[in-house]
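1. show me the folded form of this:
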Amino acid sequence: MGQVSTLPIDERAVPRDEVHYRARALGPDDKMLSLLIVNLSALGLMARADTNYEVGDQLRVTLPVVGTVVAEIRWTLGGRLGCELARPIDLASYYDLLAALVRAG
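-> Numbers count the residues shown, from 1 in each chain. Predicted coordinates:
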């Protein structure tokens, strides 16, 4: 008999690109927050941050090229948070954003 895998399955529709970008965001309480974005897609991001915000809270994240995006926190775990963007970034702008992040890093 074969073994059943206990590894988590990544069910995202769009793969994420690994980045290392320090961004500023405003939390739901309008306080400034520093994020270290570690991966990104046109639909969402994962970041490291020292915060007590909860699932469902919205952040306004400032990014190069695309400006401010609204990101809803979908999960938090040990100083990391995963967010879904309120509106997807269009593909051309997303590629320009990635290029800008590479130049900044």
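2. just the strands in the protein please.
-> Under the criterion DSSP state E, the chain contains strands at 17-26, 32-40, 44-48, 58-63, 67-77, 80-85.
3. dump these to TSV, plus distance to residue 104.
-> All C-beta spots, glycine's among them, are computed from the backbone N, C-alpha and C. Output for those, formatted as TSV (distance: least, C-beta to C-beta, whole Å):
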stretch	distance to residue 104
strand 17-26	6
strand 32-40	11
strand 44-48	15
strand 58-63	10
strand 67-77	15
strand 80-85	20
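4. what's the most buried one of those strands?
-> Stretch with highest mean neighbour count among those: strand 44-48 (a mean of 22; mean count of other C-beta atoms under 10 Å).
5. point out the other helices and strands that that strand packs with.
-> When contacts are defined as 3 or more C-beta pairs under 8 Å, 6 or more residues apart in numbering; DSSP states H and E, strand 44-48 sits against strand 32-40, strand 67-77, strand 80-85.
6. ok so, going back, between the strands of the chain, which one is closest to residue 101.
-> Residue 101 lies closest, by C-beta to C-beta, to one member of the strands of the chain: strand 17-26, at 5.0 Å.
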